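Engineer: Pasting the sequence and the predicted coordinates here, then a few questions.
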Amino acid sequence: MLKDQDIICISSIDWDFIWQGHQEIMSTLASNGNRVLFIENTGVRSPNLEDIPRLKKRIYNWFHSVKGIRKERENLYIYSPLILPFPYSRIARLINRRVLVSALDRWLKSVAFSNPIIWTFLPTGIVLDIINAIDSKIIIYYCIDNFAASSSQAKRIKKTEDLLLKKADLVFVTAQNLYDRCAMFNKNVHIFPYGVNVSIYEKARNAAIDAPADIATIRRPIVGYIGGIHKWMDFGLIRFLAEDHPEKSFVFVGPAQRDINELKKVGNVYFLGQKRYEELPLYISQFDVCIIPYLFTEYTRNVYPTKLNEYLSLGKPVIATSIPEVEAFNERNSNVVSIAKTQEGFSMLIRKDAQEKITKEIYEKRIEVATKEGSWSRKIEMICELVERKIADKEKEKALEWKVNLLKIYRISKKRLVPAALITLFIYVTVFHTGMLWFIGRPLKLTSPVEKADAIVILAGGVGESGKAGQGYEERVKYGIELYEKGYAQHLIFSSGYRYAFKEAEVMKALAVSLGVPERSIILEENAKNNYENIKLSHDILLKEHWDSAILISSPYNMLRSSLVCKKVAPEITFIYAPIPSSLFYGDEKKVYPKHIMGIIHEYLGIVYYCLKGYI
């Protein structure tokens, strides 16, 4: 049996619902040293009024746990997720995916769940989302129902179930019809009808049992049923049988999943509600005849009633309607179950079995069939053998996979190499050996005829052009001094808030003074952190000095952005745009270097950014 594995079980029922294979398998695996996270039902349809008690229970569990997760017993954790109850809504699925995957990811990290087995009883879209989000060892789908036939909404589940079947490493089913459908999409399908915990029923057979208080006072003989009272039960048949056998009591043990008021009005029909799984043998032992009164529908064509083996485990006579899996069970086991095709036939079988004296041979035959057909311990061992074999096969595949993948990568690389090389060569020639780059950059350049103005505003380079500090400002200062010496303006404004070893504005001033410019002619703006602030803060200085015109000096490809900022923040100032006439950084526009590409890209991105910020 499996041991030391991490398992994520995506269930189609809640943990506290009627005890079924979901709980039996996972609790058995947990007790054998595997760590299990049991995710409660996320739904195949939207809830209705009958689901309100279940929703209340889900909310209660959420608030009485840690973010919906609680420890049920050693190695077994239950997750009660709160998600949008619309399984076929795209928006709801997107939201639920984020909620569930995020919660699972955090929990898996917190407990160091590693490479888990994903074992799902549901084939919905959110299940596929979980599978796609988590690296798993293998994927198992246990198909226990024809979900598409369970409700009008659930018809839409077929598409995701088909995808799950193709993705699953192993598929288990409970019925032949389910096998036939699943085998169309997956070659690893195995039939395992739900079983019974033989040890609980052995204990009930071999011990003196007192009747539970709520059944002890009910008149005998008792015709009994255990399980959910659901829409697949034939209420018309049950009423007919109760009225045809007024001397008998019809007892139903299980949760009501539909309106039962119709049958409550019948005097000899009793509903005792849901009981713990361990208590069920105590009730079955009080039955004189056990029944499975199911309707024949598209859904019940695929139903294997677990209660069949539970009844037989106590040697009880069983009468069922004619559904395919019961018929098949009977063929395998010498007609150990009585099958009725009509209401009258069912009634006659009840009369016969209630009066029949059970011989030791018949009693032991029923128990033998139940043990052979339904022993959960035997089934789980067989299931685990298949799982272990599949894990081993996948590990072998992975061990050989690297060779195949490496050769595949080389083949793909070889095919892609020639077109990639041609594309690279084309791009290289276009960018570095044509005038394409300078053509693309031309709209960034803006020049005005130089005229006299009140001041010359020189924007420092910072790291805007080359990405390296201390490059660019020398050319701008030199050109500004040339215009100053030619008498185009009496004042220089150096704008830069950048600092690299020294404040850039002060370095610019020192350079200008060393070249003969009087300190009184220089004004520093030392707070600007970008091109927008350069112009905005310089504009403040111009207004303070009552100057209404200025020559603006920057690099050739920065002038368009600078002019757009000027029009936005300083419309009353007349700016003369004077980019430096020659630049070591941009060269002679004949040779292209990576720094030229980066500089022009930087400017275009800067314009886009300034548009988004509202600077221009």
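Structural biologist: Perfect, I can see it now.

Engineer: pLDDT averaged over stretch 207-223, what's the number?
Structural biologist: The average pLDDT for stretch 207-223 rounds to 91.

Engineer: Show the end-to-end separation of that stretch, please.
Structural biologist: End-to-end span of stretch 207-223 (C-alpha to C-alpha, to the nearest Å): 22 Å.

Engineer: Next, report how far that stretch is displaced from the centre of its chain.
Structural biologist: Centroid separation for stretch 207-223 versus its chain: 49 Å, with C-alpha atoms, centre = their mean, to the nearest Å.

Engineer: Then stretch 533-549?
Structural biologist: Relative to the centre of its chain, stretch 533-549 is centred 56 Å away, using C-alpha atoms, centre = their mean.

Engineer: Show me what it is in contact with.
Structural biologist: 453-455, 457, 459-460, 491, 493, 495-497, 523, 525, 527-528, 550, 552, 562, 565-566, 569-570, 572-576 (C-beta atoms under 8 Å, 6 or more residues apart in numbering). Yep, even glycine has a C-beta here, placed from its N, CA and C like the rest.

Engineer: Output it as CSV, nothing but the C-alphas.
Structural biologist: Presented in CSV, the C-alpha positions along stretch 533-549 are these (Å, rounded to 0.1, in the frame of the first residue of the first chain):
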residue,chain,number,x,y,z
GLU,A,533,12.0,69.6,-13.3
ASN,A,534,15.0,71.1,-15.1
ILE,A,535,12.6,73.3,-17.2
LYS,A,536,10.0,73.9,-14.5
LEU,A,537,12.6,75.1,-11.9
SER,A,538,14.5,77.1,-14.5
HIS,A,539,11.2,78.7,-15.4
ASP,A,540,10.8,79.8,-11.8
ILE,A,541,14.2,81.5,-11.9
LEU,A,542,13.4,83.3,-15.2
LEU,A,543,10.1,84.6,-13.7
LYS,A,544,11.9,85.7,-10.5
GLU,A,545,14.4,87.6,-12.6
HIS,A,546,11.7,89.1,-14.8
TRP,A,547,13.2,87.5,-17.9
ASP,A,548,10.9,86.5,-20.7
SER,A,549,13.3,84.8,-23.2
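
Engineer: buried residues in the helix or strand containing Leu128?
Structural biologist: For Leu128, the host element (DSSP states H and E) is helix 125-133. By neighbour count on 16 or more other C-beta atoms under 10 Å, the buried set for helix 125-133 is 125-131.

Engineer: hmm, which of the contacts of stretch 533-549 are the buried ones?
Structural biologist: Buried, going by 16+ other C-beta under 10 Å: 453-455, 457, 459-460, 491, 493, 495-497, 523, 525, 528, 550, 552, 562, 565-566, 569-570, 573-576, out of the contacts of stretch 533-549.

Engineer: Just the pLDDT for Arg332.
Structural biologist: At Arg332, pLDDT is 91.

Engineer: Quick check: the spatially closest residue to it that is not a sequence neighbour vs Val336, distance?
Structural biologist: Using C-beta to C-beta, 6 or more residues apart in numbering and skipping the chain neighbours, the partner closest in space to Arg332 is Glu373 (7.5 Å). Glu373 sits 9 Å away from Val336, going by C-beta to C-beta, to the nearest Å.

Engineer: Is the nearest residue to Gly267 once chain neighbours are set aside in a helix, a strand, or coil?
Structural biologist: In space, and not counting its chain neighbours, Gly267 is closest to Pro246: 7.7 Å by C-beta to C-beta, 6+ apart. What DSSP: H, G, I helix; E, B strand; the rest coil gives for Pro246 is coil.

Engineer: isn't Pro246 right next to Asn268, touching?
Structural biologist: Yes - counting by C-beta atoms under 8 Å, Pro246 touches Asn268, with 6.0 Å between them.

Engineer: which of these two has more neighbours?
Structural biologist: Asn268 (17 against 10; other C-beta atoms under 10 Å).

Engineer: Retrieve the pLDDT associated with the more buried one.
Structural biologist: The per-residue pLDDT reported for Asn268 equals 96.

Engineer: Many thanks, I have nothing further to ask.
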